[in-house]
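> Sequence first, then the predicted structure, then my questions.
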Amino acid sequence: MTRNTEEMQSHIPVMLREFLEYCSPQRDERWIDGTFGYGGHAMALLERGCKVLALDWDEEAQKRAELLKEKREQFYFFRKNFSEMAEACFQIGWKDVDGILLDLGVSLGQLKDPKRGFSFHHPEAPLDMRMNQQSEKTAAVLLNNLTEEELIKLFSVVCNSKESRKLATGLVGLRSTKLIQKVGDFLEVIKKAHLFKKKGSHAATKPFLALRIAVNEELEHLERGLLEGTRLLKGGGRIAIISFHSTEDRIVKEFLRSHCVPKHRRGQGEEKQSQEMFFYKIEKILVSSEESKRNPRSRSARLRIGWKIISQGKST
């Protein structure tokens, strides 16, 4: 058994039970797993007899997906971001889909790999943080080249304004003496900034999250993916998003709410509503205490689901 096979079989996907219970994927339905990772959610969909189109930027995820493609006829994989799902669907002849899943968490393999620079536990690692290793934009490139105002804007996505200014000033000062290249260089600036941290958390958590979001343009891809994915859904189709921090969850929440038919208008003028709104129902589900204890990395997970309006006269 290869290392990738072992990792796939031992991986526990976050909120799988809730996803299957609420979304209820059915045999022969077409599903997109927009963040393949270790393939846990995709394999669960295949076990239910669904046809699965999986996407992931990461080269290691592609290697794992190749193993699955060898065994499954109804499984397709593209090394793309989920914001490119319409193009991937076109390439395999899919005009619409029954469901979409986006698990927005960074994978454990990425965090553990000291060469990737995602974790502050590896100070000698290069400041990389790219999910797409083909991209030229690394974390070090951003920290060495953005202006002080641009750095403040980068960190303010997650940190408060005072923290963002301290970090930006510290980075500008450090890079006047040397190139910022390693995780340890960034940690040096964070330590000197004396940031507030919650009990049990690390002072580097938020700065690292902000930098990772910027390197991978995660919020921009999320906004495009939500809109593009929803347009691909059939009537009655489901879009499910698992988020792990408030910044991305806020984008998901506002998108679903702003495109959901208000309760007082449901059942009225469905054809017109389907042109203005996408969803007839939305739900938020929190991770269970049992899963949070079993897998502490899942403790902040939230699953949000939108069900697309079924237009009159159209099949589901």
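Perfect, thanks for sending it.
> What sits closest to Lys153 if chain neighbours are left out?
Take Lys153 and drop its neighbours on the chain: the residue closest to it by C-beta to C-beta, 6 or more residues apart in numbering is Ser164, 7.8 Å away. C-beta: built from backbone N, CA, C; applies to glycine.
> element containing that neighbour?
helix 161-175 (DSSP states H and E).
> Just the buried residues of that helix, please?
Within helix 161-175, the residues that qualify as buried by neighbour count (16 or more other C-beta atoms under 10 Å) are 163-171, 174.
> Pull the CA coordinates from it and hand them back as PDB.
Presented in PDB, the C-alpha positions along helix 161-175 are these (Å, rounded to 0.1, in the frame of the first residue of the first chain):
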ATOM      1  CA  SER A 161      -6.000  48.000  12.500                       C
ATOM      2  CA  LYS A 162      -3.500  48.500  15.400                       C
ATOM      3  CA  GLU A 163      -2.100  44.900  14.900                       C
ATOM      4  CA  SER A 164      -2.000  45.300  11.100                       C
ATOM      5  CA  ARG A 165       0.100  48.600  11.400                       C
ATOM      6  CA  LYS A 166       2.500  47.000  13.900                       C
ATOM      7  CA  LEU A 167       3.100  44.000  11.600                       C
ATOM      8  CA  ALA A 168       3.500  46.200   8.500                       C
ATOM      9  CA  THR A 169       5.900  48.600  10.300                       C
ATOM     10  CA  GLY A 170       7.900  45.600  11.600                       C
ATOM     11  CA  LEU A 171       8.200  44.000   8.200                       C
ATOM     12  CA  VAL A 172       9.300  47.200   6.500                       C
ATOM     13  CA  GLY A 173      11.900  47.700   9.200                       C
ATOM     14  CA  LEU A 174      13.200  44.100   8.900                       C
ATOM     15  CA  ARG A 175      13.400  44.000   5.100                       C
END
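> ok, now which ones touch Phe196?
Glu163 (C-beta atoms under 8 Å, 6 or more residues apart in numbering).
> That one and Glu163: what is the separation?
To Glu163, Phe196 is 7 Å away according to C-beta to C-beta, to the nearest Å.
> likewise Met129?
From Met129 to Glu163 the distance is 19 Å (C-beta to C-beta).
> residue ranges for the helices of the stretch 51-200 of the chain, please.
Assigned by DSSP state H, counting those that start in this stretch, the helices in the stretch 51-200 of the chain fall at 59-71, 85-92, 108-112, 139-145, 148-155, 161-175, 183-193.
> Take those helices and write them to JSON lines, including distance to Glu29 and mean pLDDT.
Rendered in JSON lines, the data for the helices of the stretch 51-200 of the chain read as follows (distance: least, C-beta to C-beta, whole Å; pLDDT from 0 to 100):
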{"stretch": "helix 59-71", "distance to Glu29": "18", "mean pLDDT": "87"}
{"stretch": "helix 85-92", "distance to Glu29": "14", "mean pLDDT": "97"}
{"stretch": "helix 108-112", "distance to Glu29": "29", "mean pLDDT": "80"}
{"stretch": "helix 139-145", "distance to Glu29": "39", "mean pLDDT": "97"}
{"stretch": "helix 148-155", "distance to Glu29": "40", "mean pLDDT": "97"}
{"stretch": "helix 161-175", "distance to Glu29": "44", "mean pLDDT": "96"}
{"stretch": "helix 183-193", "distance to Glu29": "43", "mean pLDDT": "95"}
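> Go through these and name the closest to Tyr280.
Among these, helix 85-92 comes nearest to Tyr280, with 22.1 Å by C-beta to C-beta.
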